[in-house]
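**Q** For reference, the sequence and a predicted model appear below.
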Amino acid sequence: MNLQLNGKVVVITGPAKGMGRAVSLAFAAEGARLVLAGRDTAAIEPVAEEVRALGAEALVVKCDMAQASQTQALAAAALAEFGQVDVLVNVAGGSGPIGKTGWETTQEEFDEIVQLNMTGSFNTMRAVVPGMIERRSGKIVNVGGTFGMRGRAGRMAYSASKWGLRGITKSFALEVGEFGINVNCVAPGMVDGPRFRDKVCANMASKLGISPEEAATRHAADYALKRVSLDSDIANACLFLASDVSRQITGVDLPVDGGWALL
């Protein structure tokens, strides 16, 4: 299937590793022109080189998404380089405290994850939407999480931030739909990688006195498909929602979790 993303200008936040890297390479393989944004440009540059090796263009922009002035500068840099922004994919975010109850979570921990997972996406959306409205076209994909659909003991702050991102997504979708702009949310479950192995599995292993490998197996057992998602699964969902194949879909949460959120 031709997703018709060739030549599209795609802003991706949090592209340095994990899902962000996978999303960046997936769009590059489709021929998109990429604007890769994050606080650590040195960490992003290797991904930009991978993108260029695939024959795609890549602009790296230093940006703290929690700062509105920097997201406005990000949008301006994209316009100066490529003339427009067709797609925004908000991958940047964090996991927050793991294994802490709500009453054990500090205000500082709560505020930090809300800034990362909600304010950052809000700021980037505000920055690119006016141009999309002017052209009456655009796609926004926010990467949320299934803990923002069901809640999770020991992950209150993270869960709250992802619930909030869902509200931002749905409200924007209702507001900009008349201008031909789709706004959706991809909701990954556990995604295999360093964060899952070194934080989530390590926490479970410590509590239950089992190995991290056994912890990973236990997590997989919770899902209908009995496997943990890969970065590429999330990237493929982002491609779908960024393309006109999904032109009649907006304001939705798309779980990519092997069937956990439905259980």
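**A** Nice, thanks for sending it over. Being a predicted model, the structure only gives us computed values, none of them experimental.

**Q** residue contacts, the spatially closest residue to Arg195 that is not a sequence neighbour?
**A** Computed as C-beta to C-beta, 6 or more residues apart in numbering, the closest residue to Arg195 that is not its neighbour in sequence is Ser95, at 6.1 Å. C-beta here means a position set from N, CA and C on the backbone, and glycine is covered the same way. Counting by C-beta atoms under 8 Å, 6 or more residues apart in numbering, Ser95 touches 113, 158, 195, 199.

**Q** Against Asp257, how distant is Ser95?
**A** Distance check for Ser95 against Asp257: by C-beta to C-beta, to the nearest Å, it reads 16 Å.

**Q** Give the partner strands of the strand ranked longest in the chain in its sheet and their orientations.
**A** Ranked by residue count, the top strand of the chain under DSSP state E comes out as strand 181-188. Sheet pairing here is set by DSSP bridges, and for strand 181-188 it gives strand 138-143 (parallel), strand 253-256 (parallel).

**Q** Show the buried residues in the contacts of Ser95.
**A** Neighbour-count burial within those applies to 113, 158, 195; the criterion is 16 or more other C-beta atoms under 10 Å.

**Q** What's the local residue count around Gly193?
**A** Other residues near Gly193 come to 17 when the count uses other C-beta atoms under 10 Å.

**Q** Equivalent analysis for Asp244, please.
**A** When neighbours are counted by other C-beta under 10 Å, Asp244 registers 12.

**Q** that older thread, nearest to Asp244, of the strands paired with strand 181-188?
**A** Asp244 sits nearest to strand 138-143 of all the strands paired with strand 181-188, at 8.6 Å, using C-beta to C-beta.

**Q** Name the next helix or strand downstream of that closest one, please.
**A** Next in sequence after strand 138-143, counting helices and strands by DSSP states H and E, comes helix 147-150.

**Q** which residues does Ala187 form a beta bridge with?
**A** Here Ala187 shows beta-bridge partners Pro255, assigned using DSSP bridges.

**Q** now it: how far from Thr169?
**A** For Ala187, the distance to Thr169 under the criterion C-beta to C-beta works out to 10 Å.

**Q** shaky segments in the stretch 1-150 of the chain?
**A** Along the stretch 1-150 of the chain, the model assigns pLDDT under 70 to residues 1.

**Q** Kind regards, and thank you for your time.
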